[in-house]
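K.L.:
Pasting the sequence and the predicted coordinates here, then a few questions.
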Amino acid sequence: MKFLKPAALAATLLASSLALADINVGVTLSATGPAASLGIPEKNTIALLPKTIAGQKINYIVLDDASDTTAAVTNTRKLITEDKVDVILGSTVTPNSLAMIDVVSEAKTPMISMAASAKIVEPMDAKKAWVFKTPQNDSMMSQAIVDHMVANGVKTVGFVGFSDAYGEGWYQEFVKAAAAKNLQIVVNERYARTDTSVTGQALKIMAAKPDAVLIAGSGTPAALPQKTLKERGYTGKIYQTHGIANADFLRVGGKDVEGTILPAGPVLVAAQLPDSNPVKKSALAYIAAYEGAYGKGSVSTFGGHAWDAGHLLAAAVPGALQKAKPGTAEFRAALRDSIEQVKGMAGAHGIFTMTPTDHLGLDNNGRVMVKIENGAWKYTP
């Protein structure tokens, strides 16, 4: 009979004693409201995430924040105080995620956001030390847009974006990137996600006669300025953000969004990528899982952000389980530390390598340039 050495026996007993409780994962997503076309594929993806990690049962508690900031904060408080979750995934949009930071940092509960703004994790401070994210930063995507504009002779740009943290974050990052390449922003307009008309904003943009227009919106509401500009006869180049990368945008935009240029996560055009692309294999794995559950052509980039959040968690849990028992403050702290130490994790949108100062962990392999042609996404190297 083989006996364990005392040290090994102690480690085995410790691991067994620490792994008695389930891991509870709180999720708040925008499954209804203006951001529903983003939140629904995220919610669908949560159902595909591992139900056990390192032999430990995982419970996902999913709430809808209806694209509302107050509801997102309420959901976060409930998940932490009533459901005693070990980690928060969400929310879908930038304003909600920014509002949740105070709650999770006060409760010392790690959070993995599925929203885009760099402000969610930058600049790093004591509060944001508890926060991570999976979508590409607006700063990273702004640079890709500016590079494309310069390469294609654009010299003046009109900007129209959401009148919230998403639009403002994009404007600030785009201004910095544009200034570095001597691009001139000649008009700056805003609109609400729930607006049904942007005629006034479109007329001001038309009057400024920019070579190109950047629309900083997400989901189906991002189609409104573009359709209005087309109706008014604008013929310049139109750029959008990675916030539009789903089939609902194509459906709502129709012929008016033909020719749109945008940066996006590799998962949007994974099958078109060369085999040498380091993200192609992991992006295709997500597509296979999602379309296997929900049907061919159903995948979107936004569900990919939830997939990456779940896999970041899966990569971090084993290390945290070695230090503490789920359901405790010690485990939440250990899980935060373990997420921060994830290296080289292949996801749907890129290869994630976290550090104490970088809680996104993506490099430029996490973005590609895409054009809308014949109602479909086309990879444009």
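P.N.:
Structure received.
K.L.:
Does residue 239 touch residue 149 like I think?
P.N.:
Yes: at 7.3 Å, residue 239 counts as touching residue 149 under the criterion of C-beta atoms under 8 Å. The way it works is simple: take the backbone N, C-alpha and C, and place the C-beta from them, glycine included.
K.L.:
anything in contact with each of these two?
P.N.:
Counting by C-beta atoms under 8 Å, 6 or more residues apart in numbering, the common neighbours of residue 239 and residue 149 are residue 212.
K.L.:
So, low pLDDT: which residues of this structure?
P.N.:
1-20 (pLDDT under 70).
K.L.:
Enumerate every residue touching the residue nearest the centre of it.
P.N.:
For the chain, residue 135 is the residue whose C-alpha lies nearest the centre (C-alpha atoms, centre = their mean; 2.9 Å). Residue 135 makes contact with 113-116, 242, 265, 305, 349, according to C-beta under 8 Å, 6+ apart.
K.L.:
Which of the three states applies to it?
P.N.:
In three-state terms, and counting by DSSP: H, G, I helix; E, B strand; the rest coil, residue 135 is coil.
K.L.:
again with residue 88
P.N.:
Counting by three-state DSSP, the backbone at residue 88 sits in strand.
K.L.:
That one contacts residue 104, correct?
P.N.:
Yes: under the criterion of C-beta under 8 Å, residue 88 makes contact with residue 104 at 5.7 Å.
K.L.:
Quickly list what's touching both of those two.
P.N.:
Joint contacts of residue 88 and residue 104 (C-beta under 8 Å, 6+ apart) are 76, 80, 110-111.
K.L.:
Now render these as a markdown table, adding neighbour count, secondary structure and distance to residue 24.
P.N.:
A markdown table is the format used below for those (neighbours: other C-beta atoms under 10 Å; DSSP: H, G, I helix; E, B strand; the rest coil; distance: C-beta to C-beta, whole Å):
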| residue | neighbour count | secondary structure | distance to residue 24 |
| --- | --- | --- | --- |
| 76 | 29 | helix | 14 |
| 80 | 21 | helix | 10 |
| 110 | 30 | coil | 13 |
| 111 | 30 | strand | 14 |
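K.L.:
Among the residues you listed, which one sits closest to residue 356?
P.N.:
Nearest to residue 356 out of the shared contacts of residue 88 and residue 104 is residue 110 (C-beta to C-beta; 13.7 Å).
K.L.:
The closest residue to that closest one other than its chain neighbours and residue 124, how far apart?
P.N.:
Leaving aside its sequence neighbours, residue 110 sits nearest to residue 336 (C-beta to C-beta, 6 or more residues apart in numbering; 4.2 Å). Between residue 336 and residue 124 the distance is 13 Å, computed by C-beta to C-beta, to the nearest Å.
K.L.:
More neighbours: these two, which one.
P.N.:
residue 336 (22 against 14; other C-beta atoms under 10 Å).
K.L.:
thought the more buried one was touching residue 130?
P.N.:
Yes: counting by C-beta under 8 Å, residue 130 is a contact partner of residue 336 at 6.0 Å.
K.L.:
so what's in contact with the two at the same time?
P.N.:
Common neighbours of residue 336 and residue 130 (C-beta under 8 Å, 6+ apart) are 108, 110.
K.L.:
Which parts of the stretch 151-300 of the chain are strands?
P.N.:
Here the stretch 151-300 of the chain has its strands, by DSSP state E, counting those that start in this stretch, at 156-162, 184-191, 212-216, 237-240, 261-264.
K.L.:
circling back: just the buried subset of the contacts of residue 135, please.
P.N.:
Buried residues within the contacts of residue 135, defined by neighbour count using 16 or more other C-beta atoms under 10 Å: 113-116, 242, 265, 305, 349.
K.L.:
Can you list which of the residues you listed are found in helices?
P.N.:
Counted as lying in helices by DSSP state H, out of the buried ones among the contacts of residue 135, are residue 305.
K.L.:
From one end of stretch 352-360 to the other, what's the distance?
P.N.:
7 Å (C-alpha to C-alpha, to the nearest Å).
K.L.:
whoops, I mixed them up, stretch 199-216
P.N.:
16 Å.
K.L.:
One more: stretch 119-126?
P.N.:
14 Å.
K.L.:
And for stretch 231-243?
P.N.:
For stretch 231-243, the end-to-end distance is 22 Å (C-alpha to C-alpha).
K.L.:
Okay, buried residues for that stretch please.
P.N.:
Residues of stretch 231-243 classed as buried: 234, 236-243 (neighbour count, 16+ other C-beta under 10 Å).
K.L.:
In the residues you listed, find the pair that's most separated.
P.N.:
Greatest spatial distance among the buried residues of stretch 231-243 (C-beta to C-beta): 234 and 242, at 22.1 Å.
K.L.:
now the buried residues of stretch 231-243 as TSV including distance to residue 211?
P.N.:
Formatted as TSV, the buried residues of stretch 231-243 follow (distance: C-beta to C-beta, whole Å):
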residue	distance to residue 211
234	11
236	5
237	7
238	11
239	11
240	16
241	18
242	22
243	22
